[in-house]
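Participant: Just a sequence and a predicted model for now, questions to come.
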Amino acid sequence: MTPLKNIFLLIFLFQFLLSCEPDDICLSSVEDTPRLILGFYDINTGEIKEINNLKIQGLSNEEIYVYQTLDSIGIPLKNSENLTVYTLTKDFNENTPSSGNEDKIYFNYNYNWNYISRACGFITTYDIQDIIIENDSENWILNTEIIDTNIIDEKNIHVKIFH
């Protein structure tokens with residue numbers, strides 16, 4: 001390469017490096033859109049209580065969100081609608097698809113888009129309005145309690161589900 005080409009290459013590289021803005025990089029410390037944290041509680045004692053073989057699935061969604069035994073979980077809410085519906089099936093057996101006790105739960109909320117930066121884009125926060133459990137002949141979800149209506153992080157349980 002000729003010296004003139006080297007100078008042009010260095011000038012170009014220097015200008016490229018100077019053109020980067022601090023917000024062109026989204027740091028891993030920036031939180032994502034928070035999930036709704038559900039905690040499962042014994043209706044009689046008020047103590048946290050595991051649910052065996054819980055299957056969580058979005059309404060009209062073939063994909064199972066989770067299938068395991070647990071006492072709390074974070075689930076995503078839709079960020080462009082004011083309603084998300086899940087079916088929660090306890091005692092599910094994957095070898096018998098119609099097994100378990102399925103309850104349908106409706107989460108009504110308002111959402112807010114919050115701009116973070118050019119690289120990170122937006123995150124969504126939520127304000128829970130109410131929760132509706134669809135009645136059937138064998139509801140295992142007996143009651144709910146909203147602990148924190150503002151879903152801005154995943155540090156604490158937002159909703160208690162009593163069973």
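Facilitator: Perfect, thanks for sending it. Residues are numbered from 1 along each chain as shown.

Participant: Low-confidence stretches in the protein?
Facilitator: Segments of the chain classed as low confidence (criterion: pLDDT under 70) are 1-6, 8-10, 12-24.

Participant: now the strands: where do they sit in it?
Facilitator: 36-41, 51-58, 64-70, 72-75, 83-90, 101-117, 121-133, 143-146, 150-151, 159-162 (DSSP state E).

Participant: Which one of these lies nearest to residue 7?
Facilitator: Closest approach to residue 7 among the strands of the chain (CB to CB): strand 101-117, 34.4 Å. C-beta here means a position set from N, CA and C on the backbone, and glycine is covered the same way.

Participant: circling back: possible to save the strands of the chain as JSON lines with mean neighbour count?
Facilitator: Putting the strands of the chain into JSON lines (neighbours: other CB atoms under 10 Å) gives the following:
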{"stretch": "strand 36-41", "mean neighbour count": "21"}
{"stretch": "strand 51-58", "mean neighbour count": "18"}
{"stretch": "strand 64-70", "mean neighbour count": "13"}
{"stretch": "strand 72-75", "mean neighbour count": "17"}
{"stretch": "strand 83-90", "mean neighbour count": "20"}
{"stretch": "strand 101-117", "mean neighbour count": "15"}
{"stretch": "strand 121-133", "mean neighbour count": "16"}
{"stretch": "strand 143-146", "mean neighbour count": "14"}
{"stretch": "strand 150-151", "mean neighbour count": "18"}
{"stretch": "strand 159-162", "mean neighbour count": "20"}
